[in-house]
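J.: Would you be able to build a 3D model of this:
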Amino acid sequence: MNIRLTTENGSFEATLNDSAAARDLATLLPLTLETEDFHQTERVAYPPRKLDTSGAPDASHPKTGDLAYYTPWGNLALFYRDGQHSPSLVILGHLTDRADAQQLATAERITIENQP
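T.: Alright, predicted model coming up:
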């Protein structure tokens with residue numbers, strides 16, 4: 001599924017994978033969320049409810065441009081730098097152009113919507 005992420009720094013195209021968590025996130029769109037920085041690696045935001053993570057791998061190693069979901073805290077994570085191997089992290093998709101990821105580093109608010 002193709003989606004659009006919009007911040008005060010611009011709009012960016014992304015693709016969600018076919019995981020249960022990504023499909024569940026898609027049911028919440030459009031969604032506007034406040035973000036905060038986490039470890040100078042990712043922007044985090046909290047959707048209105050926890051996502052279905054059935055069938056998800058036990059851990060992931062996020063890369064720049066990945067959109068992920070951290071199950072213990074119930075937050076979305078937008079990686080603007082490569083992250084570390086993380087238990088309970090589910091990759092939901094990625095930016096179409098991973099070079100756009102750096103512009104997410106200072107995003108205070110993000111809107112996620114289906115791309116027409």
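J.: quick one, helices of this structure?
T.: Assigned helices in the chain, in chain order: 20-27 (criterion: DSSP state H).
J.: which ones are touching the residue nearest to the spatial centre of it?
T.: When CA atoms, centre = their mean is applied to the chain, the residue found nearest the centroid is L67 (2.7 Å). Shown in contact with L67 (CB atoms under 8 Å, 6 or more residues apart in numbering): L5, A14, L16, L76, A77, L78, F79, I91, L92, G93, H94, L95. Where C-beta positions appear, they are placed from N, C-alpha and C, glycine not excepted.
J.: Is it bridged to anything, and to what?
T.: Going by DSSP bridges, L67 is paired in beta bridges with L78, G93.
J.: What pLDDT is listed against it?
T.: L67 is assigned 98 on the pLDDT scale.
J.: swap in the one 4 residues further on?
T.: pLDDT, the model's per-residue confidence, is 96 for T71.
J.: Which residue, neighbours along the chain excluded, lies closest to it?
T.: Excluding the flanking residues, the one nearest T71 by CB to CB, 6 or more residues apart in numbering is S88, at 4.5 Å.
J.: Does that neighbour touch Y69 like I think?
T.: No. Using CB atoms under 8 Å, S88 is not in contact with Y69; the gap is 9.2 Å.
J.: In terms of neighbours, single out the busier of these two.
T.: Between S88 and Y69, counted using other CB atoms under 10 Å, the more crowded position is Y69 (26 against 15).
J.: Highest neighbour count among the contacts of L67?
T.: Busiest of these [other CB under 10 Å] is L78, holding 27 neighbours.
J.: tell me the strands in this structure, going along the chain?
T.: Using DSSP state E, the strands found in the chain span residues 2-7, 10-16, 31-34, 36-38, 42-45, 59-60, 66-70, 75-79, 86-87, 89-95, 109-114.
J.: What strands line up against the fourth one, and which way round?
T.: Same thing as strand 36-38. Going by DSSP bridges, the partners of strand 36-38 are strand 42-45 (antiparallel).
J.: how much distance is there from the partner strand to the middle of the chain?
T.: Distance of strand 42-45 from the chain centroid (CA atoms, centre = their mean, to the nearest Å) equals 8 Å.
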